[in-house]
Structures are given as structure tokens and as C-alpha cells.
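In: build the 3D model from these lines:
(one chain, ligands or ions: 2)
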Amino acid sequence: MKDKAFIFDLDGVIVDTAKYHYLAWKKLANELGFEFTEEQNEMFKGVSRKRCLEILLDLGNIEASQEQFDRWMVEKNEDYLTYIEKMDESEILPKVKKVLKYLKKKDQSIALGSASKNAQPILEKVGLLPYFESIVDGNSVTKAKPDPEVFLIAAKDLKMKPEDCIVFEDSVAGIQAANIANMVSIGIGDEKVLHEADYNFKDFTEMKKKFIKKLIKE
Ligand code: B16
Ligand code: MG
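Out: Ligands and ions are numbered 1, 2, ... in the order given. The predicted model follows:
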């Protein structure tokens with residue numbers, strides 16, 4: 001029996017794909033005749049592709065038929081994928097691989113809990129796929145974060161109780177989802193933004209082995 005399950009969000013926790021999402025959304029906005037800033041892109045973190053496009057069109061005051069909406073969804077994703085294709089191991093955020101290796105050594109369960117429908121190819125590209133026993137992503141959920149569905153499916157997959165799961169997240173909605181699921185929530189990023197988390201770290205370089213050991217044993 002494993003002690004704990006560690007559930008990782010993808011964008012903003014394992015890799016910084018937010019910058020590629022931004023470039024693809026910005027390109028679409030510019031094509032549609034308006035600007036899209038990096039500050040506005042903050043609202044898109046952890047949010048599904050469909051919801052992002054709804055927000056983007058609201059920002060540009062643009063109305064679209066269902067057919068047009070679907071075409072823009074495809075266009076944005078195709079553009080995003082041109083960046084993903086070029087990704088490699090060098091894009092893994094600092095110390096993430098070390099933490100994954102340590103958890104494996106300690107025989108802990110590891111899952112991915114992401115809103116992205118591109119999660120699996122991204123993990124493959126950066127060479128981290130073998131670390132994950134379960135991948136729950138945008139293709140497997142019906143409800144977006146802050147709904148806890150994504151993390152609860154991961155817990156069920158790994159046959160672990162929610163209270164024995166620890167979630168690493170960079171978005172407010174993701175931290176809320178983990179809290180609602182009754183899991184331990186760890187905010188990765190700005191402490192002021194992620195103040196609802198049980199613990200906060202700027203990134204994994206700040207996390208000591210002692211802290212992870214404590215999480216496993218508690
Ligand atoms: P895709 P996460 C999220 O991933 C991103 O933070 C968010 O910006 C993106 O819109 C969403 O995935 C959907 O991504 O278009 O690839 O399906 O942070 O939950 O890992
Ligand atoms: Mg994220």
C-alpha cells in the first residue's frame with residue numbers, strides 16, 4: 001500500500017506552457033483586430049480552451065456563430081501545437097524532475113491533473129511520461145476547475161483516499177478544486193494570489209526534501 005498520491009497540474013507547475021498559450025491567443029486576437037496583453041493572459045491559467053475563447057471574444061466584443069467559434073478553437077490549438085512540437089527536456093521547470101524522482105524512489109503514487117487536452121503529448125515531449133501512473137486531463141473531465149472532478153478521478157484511478165492526496169497547482173481555481181476535494185493543496189507561484197493553499201512555494205527550488213518527507217508521513 002502506497003502512503004500518498006501526489007497530483008501535479010501541468011501548465012505552470014511542470015512546464016511553462018502559458019507563454020505558448022499566450023502567443024497563440026494573441027495571434028488570434030490580432031487577426032480579429034484587437035490587442036491581448038500578458039496581464040489578460042493571467043485570467044486564462046487553468047481555464048479550459050473553450051472558456052478561454054469565450055473570454056477572449058468578450059474582450060474583443062466579438063460575436064460568433066457556433067461554427068466560427070469551433071473554427072477559432074481549432075486555429076488556436078493548431079498554432080499552439082507548433083510551439084509544443086519544439087519542446088524538449090530543457091523546458092521542464094527547475095527541480096520538478098528531482099521531486100518526481102524522489103517520489104518514485106519513495107514508492108509514492110504520481111498522477112497528472114490538468115485542464116489541457118494536450119497534456120499527454122507535452123509530457124511525452126519533455127520525457128516525463130514514464131513517471132505518471134495516471135493522467136487525468138481535459139479529455140477525461142466534464143467539469144472544469146474549481147470543480148474537484150479532475151483530482152477526484154485521479155484519486156480513484158490510483159485507489160487513494162482524497163485526504164491522502166497532495167496537489168501541486170499554480171492557479172486559484174486549481175487550489176480551490178483541491179481544497180473542495182479535501183486534499184492537501186500546495187500553491188506553486190505567487191503566495192498572495194494563491195493564499196487559499198495549505199502551503200505555498202514560489203517554485204520547486206524552494207521546497208526542501210524534509211518537507212516532502214513530512215507530507216509522505218503525515
Ligand atoms: P489546451 P493546466 C491549462 O492547463 C492551462 O493553464 C490553460 O491556460 C489552458 O487553456 C488549458 O490548460 C487548456 O489547454 O488548450 O491545451 O486543452 O494548468 O490545467 O495544466
Ligand atoms: Mg496550471
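In: what about the residue of the chain found nearest ligand 2, neighbour count?
Out: Proximity of the chain to ligand 2 (C-beta to the ion) peaks at Gly12, 3.7 Å away. For glycine as for every other residue, the C-beta is placed from the backbone atoms N, C-alpha and C. Look at Gly12: counted by other C-beta atoms under 10 Å, it has 20 neighbours.
In: show me the contacts for the closest residue to it other than its chain neighbours.
Out: Closest residue to Gly12 apart from its sequence neighbours, by C-beta to C-beta, 6 or more residues apart in numbering: Asp170 at 3.3 Å. Shown in contact with Asp170 (C-beta atoms under 8 Å, 6 or more residues apart in numbering): Asp9, Asp11, Gly12, Val13, Lys45, Gly46, Gly187, Ile188, Gly189, Leu194.
In: next, give phi and psi for the third one.
Out: The phi/psi pair for Gly12 (degrees, to the nearest 10) reads phi 90, psi -10.
In: please apply the same query to the second one.
Out: Phi and psi for Asp11, reported as degrees, to the nearest 10, are phi -70, psi 120.
In: what does the one 5 residues further on give?
Out: Summarising the backbone geometry of Asp16 under the convention degrees, to the nearest 10, its torsions are phi -100, psi 70.
In: list the contacts of it.
Out: Glu91, Leu93.
In: and this structure, which of its residues are near ligand 1?
Out: 9-12, 21, 44-49, 52, 77, 114-118, 138, 171 (C-beta under 6 Å from any ligand atom).
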